[in-house]
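**Student:** just the structure for this:
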Amino acid sequence: MNGQHRKEIRPGAHVEIILKEDQRTGKRTAGIVKDILTSATHHSRGIKVRLDNGQIGRVQEVLPDK
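**Tutor:** Numbers count the residues shown, from 1 in each chain. Okay, the predicted model is just below:
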């Protein structure tokens, strides 16, 4: 799942995000969703979330549960 639809993301989900400072390089950061910050049902660049470690970025991929 590509992270553009809010319904695909839930707190506790394993995701890869791109932080604001990494947008040019495309470097991804993996983590677990704590909060969903985008209220819209769809966002073309990815739904914005806060990870459990406090980092904020846009979801690029929802990873399968372990």
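
**Student:** how near is the residue lying closest to residue 7 once chain neighbours are set aside to residue 29?
**Tutor:** Distance criterion CB to CB, 6 or more residues apart in numbering; nearest residue to residue 7, sequence neighbours excluded, is residue 41 at 7.0 Å. All C-beta atoms are positioned from the backbone trio N, CA, C, and that covers glycine. For residue 41, the distance to residue 29 (CB to CB, to the nearest Å) stands at 24 Å.

**Student:** which one's more surrounded, the two?
**Tutor:** More crowded of residue 41 and residue 29, by other CB atoms under 10 Å: residue 29, with 15 against 10.

**Student:** who's in contact with the residue nearest to that one when sequence neighbours are not counted?
**Tutor:** Once flanking residues are discounted, residue 29 sits nearest to residue 17: 5.5 Å by CB to CB, 6+ apart. By CB atoms under 8 Å, 6 or more residues apart in numbering, the residues touching residue 17 are 3, 28, 29, 31, 46, 49, 51, 55, 57, 58, 59, 60.

**Student:** can you check residue 63 too?
**Tutor:** Contacts of residue 63 by CB under 8 Å, 6+ apart are 13, 14, 15, 16, 30.

**Student:** which of the residues you listed has the largest number of neighbours?
**Tutor:** Of all the contacts of residue 63, the most densely surrounded is residue 15 (25 neighbours; neighbours counted as other CB under 10 Å).

**Student:** quick check: mean pLDDT of whichever strand or helix holds that residue?
**Tutor:** Here residue 15 sits within strand 14-19, counting by DSSP states H and E. In this model, strand 14-19 has a mean pLDDT of 97.
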